[in-house]
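> have a look at this prediction, sequence included:
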Amino acid sequence: MVIGDIIVNNKDLYPERIGVIDEYAKLTWKEVNNRVNQLANTLLSFGLLKGDVVAMMSENNHVCVEFFFAVAKAGLVGVMINYRLSANQIQHVLNDCKAKVLIAQDKFIDIIDGIRPDLNDVKIFIGTGGPQRCPYDYENLLSQNLPSEPKIEIDESDLMWINYTGGTSGLPKGATSTHKSRFDNCILHDMISQLSPGDVAMLDVPVCAYAGLQNLSGLAFASATMVIIPFSPERFARMAEQEKVSFTIMHLARYKAIREYCESSERKHDFSSLRRVAISGGEGASRKQIVEMLGFFGARLTRKVYGGTEMGIVTFLTYEDMSAGLAPDATEKEKRRLDSVGKPCMGYRIKILDEEGHEVPIGQRGEIVVKGPNMMSSYLNLPKLSEEVFRGEPGWYYTKDLGVFDDDGYLYFLGRKDFMVKTGGFNVFPGEVESAALTHPAIAQAAMFGVPDDRWTNVVHLAVVLKPGCRVSEEEIIKHCRKQLAGYQTPKEVHIMEKLPVDQSSSKVLVKELGSIFGKKGG
């Protein structure tokens, strides 16, 4: 099976059911499939050949859905550009993937105009949205092409998508994936989320980010109606109420923004249709925070996952485990499991390795190494890096993430290997320090980082954001951490901030930026 089959299936089974909603359009699955075919035939009419790359730069809207499935049906390769990148980074992405066509939302045309002379391969510029300065207008092109199925033979092993990921440093790098790997990811998404054609799901995570794309394809696979919008607290509240959204992905930063908006709003927003909330994003959430979040929305939890651009969804914590951990009579073991990212998904195997590449015993920390069905094929144009991350036994991906298994097989994510701090000969893991800090009733967010030190090589620092109305000193936070951590793990300095620096597309805390702010360089 290939990705284009998903949208054809929805058209055949639910032709008149609303499939995609944004702020300006409501499309049935039949209409979505027709528009997908019109776009696919448009792209082929330009003389593109199977395997050619087409890029898109847009906020979330119904065109993103059409783009994803159109490149799949046309036998092309799609790239969604992160519109928050700098002009130089956007230029790098377009040249690196050798995109021949660029579809750009009107609000980003000025950026594209600024780099157009330095684009090596893009010859066709298509504009969407308002009045266009592009040579071609999206809607005009669709109206000129038939909604018939493209006559392109596609195999599940064909390359279908390139996800660009920034990683921790350097220029964005492209993780390539086939129809099969993307389709397998849809199956896992459906198994974990347990959505049905009657669900209405909010998709406000940017599609240019891996999580957004994963959910776009997964929601379509489940035949659920997707409400696809760029995130803002006002949009979320309005569209969730208006469209009776039943499922959404949430992380702490998004939840806090929505809550602050609703509490300051003149009217009460109705979230009674929102039955399930899935925990996602770069921030962890404590048991208390999860209870607070679900109470605010009046919802129940569905899942908590661990994964990434290069490897898909790797582990998940089941609804049963989360319900047990949230129950009033939960045992300490059940409560602690809420801090885990669950167990491996079907088809995945995970090993924890030490710095010499040897598998460690249960309970010992090390690098998470993964093998499974949804892996990327390679990094585009980066053979040495691809060899590095797939070194050792064939098919095993070295994540640079740190983790530990408990006796019952639950995986605990401890942070990035890059952000582990070596101090006085000991390794200090971000997850352990941050979890200790978050048990303080005044702390809402916490991020550990290292700062170079002449005596200890590095010392542990901690940046925190306090809950509204709370006051606590840096010294009190250090004392609180010292009660739960070894001396070398205890932060030597604490920095109270109004907000942590966060990557807007992934919600991950920019740890290296903290190192730049409070020290000469990060740990």
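Perfect, I can see it now.
> and the most centrally placed residue in the chain, what helix or strand is that in?
The chain has Ala211 as the residue nearest its centroid, 2.8 Å off, counting by C-alpha atoms, centre = their mean. In this structure, Ala211 is located in helix 210-221 according to DSSP states H and E.
> next one: the residue nearest to the centre of the chain from Asn140, what distance?
33 Å (C-beta to C-beta, to the nearest Å). C-beta coordinates here come from the backbone N, C-alpha and C atoms, glycine included.
> neighbours of Asp454, just the number please.
5 (other C-beta atoms under 10 Å).
> check what pLDDT it gets.
pLDDT for Asp454: 81.
> ends of stretch 277-294, how far apart?
Terminal residues of stretch 277-294 are spaced 7 Å apart (C-alpha to C-alpha, to the nearest Å).
> pLDDT of it, averaged?
76.
> quick one: end-to-end length of stretch 45-62, please.
One end of stretch 45-62 sits 22 Å from the other (C-alpha to C-alpha).
> what comes up buried for that stretch?
Buried residues in stretch 45-62, defined by neighbour count with 16 or more other C-beta atoms under 10 Å: Leu48, Asp52, Val53, Val54, Ala55, Met56, Met57, Ser58, Glu59, Asn60, Asn61, His62.
> now do stretch 454-466
For stretch 454-466, the neighbour count (16+ other C-beta under 10 Å) marks Trp456, Asn458, Val459, Val460, His461, Leu462, Ala463, Val464, Val465, Leu466 as buried.
> now intersect those residues with the strands, please.
Among the buried residues of stretch 454-466, DSSP state E puts Asn458, Val459, Val460, His461, Leu462, Ala463, Val464, Val465, Leu466 in strands.
> list the contacts of the closest residue to the third one other than its chain neighbours.
Right, the one you point to is Val460. Nearest in space to Val460, with sequence neighbours left out and distances taken as C-beta to C-beta, 6 or more residues apart in numbering, is Pro491 at 5.0 Å. Counting by C-beta atoms under 8 Å, 6 or more residues apart in numbering, Pro491 makes contact with Val433, Ala437, Met448, Val460, His461, Leu462, Ile477, Ile478, Cys481.
> disregarding residues adjacent in the polypeptide, which is nearest to the second one?
Of all residues beyond its chain neighbours, the one nearest Ala437 is Ala446 (4.0 Å), with distances taken as C-beta to C-beta, 6+ apart.
> so for the helix or strand containing the one you found, what gets flagged as buried?
Taking DSSP H and E as the criterion, Ala446 maps to strand 443-453. Neighbour-count burial for strand 443-453, with 16+ other C-beta under 10 Å as criterion, is recorded at Ile443, Ala444, Gln445, Ala446, Ala447, Met448, Phe449, Gly450, Val451.
> any idea which of those is closest to Trp161?
Distance to Trp161, by C-beta to C-beta, is smallest for Ala447 among the buried residues of strand 443-453, at 31.0 Å.
> which ones are touching that closest one?
Pro430, Glu434, Leu462, Ala463, Val464, Leu500, Val509, Val511, Leu514.
> I'd like the distance between the fifth one and Glu434.
When C-beta to C-beta is applied, the distance between Val464 and Glu434 equals 9 Å.
> okay, stretch 412-427 in PDB with CA atoms only?
Extracted as PDB, the C-alpha positions of stretch 412-427 are listed here (Å, rounded to 0.1, in the frame of the first residue of the first chain):
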ATOM      1  CA  TYR A 412      12.400   6.700  30.800                       C
ATOM      2  CA  PHE A 413      13.700   9.500  28.600                       C
ATOM      3  CA  LEU A 414      16.600  11.400  30.300                       C
ATOM      4  CA  GLY A 415      17.300  14.000  27.700                       C
ATOM      5  CA  ARG A 416      19.800  14.500  24.800                       C
ATOM      6  CA  LYS A 417      23.200  13.000  25.000                       C
ATOM      7  CA  ASP A 418      24.500  16.300  23.700                       C
ATOM      8  CA  PHE A 419      23.100  18.000  26.800                       C
ATOM      9  CA  MET A 420      24.300  15.500  29.400                       C
ATOM     10  CA  VAL A 421      26.700  17.300  31.700                       C
ATOM     11  CA  LYS A 422      30.000  15.800  32.700                       C
ATOM     12  CA  THR A 423      31.100  17.200  36.000                       C
ATOM     13  CA  GLY A 424      33.900  16.000  38.200                       C
ATOM     14  CA  GLY A 425      34.100  12.700  36.300                       C
ATOM     15  CA  PHE A 426      30.300  12.000  36.800                       C
ATOM     16  CA  ASN A 427      27.500  12.100  34.200                       C
END
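> ok, residues contacting that stretch?
Outside of stretch 412-427, the residues within contact range by C-beta under 8 Å, 6+ apart are 168, 306, 339-341, 365, 367-368, 400-406, 428-432, 434, 448-450, 453, 456-460, 486, 488-489, 511, 522-523.
> swap in stretch 27-37?
Stretch 27-37 is contacted by residues 7-8, 10-11, 13-21, 62, 65-66, 69-70, 73, 142, 146-150, 223 when judged by C-beta under 8 Å, 6+ apart.
> got the phi/psi numbers for Arg254?
Per-residue torsions, Arg254: phi -70, psi -40 (degrees, to the nearest 10).
> so the spatially closest residue to it that is not a sequence neighbour is in which element?
Once flanking residues are discounted, Arg254 sits nearest to Phe231: 6.7 Å by C-beta to C-beta, 6+ apart. Secondary structure from DSSP H and E places Phe231 outside every helix and strand.
> distance of Phe231 relative to Met80?
As defined by C-beta to C-beta, Phe231 lies at a distance of 16 Å from Met80.
> neighbour count for the two, which is higher?
Counted by other C-beta under 10 Å, Phe231 and Met80 do not tie: Met80 has more neighbours, with 26 against 18.
> and the gap between that one and Asp22?
Counting by C-beta to C-beta, the gap from Met80 to Asp22 is 16 Å.
> which helices and strands sit right next to the one helix or strand Gly403 maps to?
Secondary-structure assignment from DSSP H and E places Gly403 in strand 397-405. Helices and strands touching strand 397-405, by 3 or more C-beta pairs under 8 Å, 6 or more residues apart in numbering; DSSP states H and E, are strand 349-353, strand 366-371, helix 383-389, strand 411-416.
> now the first one: how far from the chain's centre is it?
Mean-position distance between strand 349-353 and its chain equals 22 Å (C-alpha atoms, centre = their mean, to the nearest Å).
> swap in the second one?
Centroid displacement of strand 366-371 relative to its chain, using C-alpha atoms, centre = their mean, is 19 Å.
> ok, the buried residues of stretch 454-466 vs Gln38, which is closest?
Proximity of the buried residues of stretch 454-466 to Gln38 (C-beta to C-beta) peaks at Val465, which lies at 47.1 Å.
> check the gap between the closest one and Leu485 for me.
In this view, Val465 and Leu485 are 20 Å apart by C-beta to C-beta.
> now swap in Glu243 and tell me
For Glu243, the distance to Leu485 - C-beta to C-beta - is 46 Å.
> repeat that for Asp113.
Distance of Asp113 to Leu485, computed by C-beta to C-beta: 53 Å.
> so for the two, which sits in the more crowded spot?
Legend: neighbour count by other C-beta under 10 Å for Asp113 and Leu485, higher for Leu485 (18 against 13).
> state the helix or strand in which the closest residue to the more buried one other than its chain neighbours lies.
Take Leu485 and drop its neighbours on the chain: the residue closest to it by C-beta to C-beta, 6+ apart is Ala436, 5.4 Å away. Assigned by DSSP H and E, Ala436 falls within helix 430-438.
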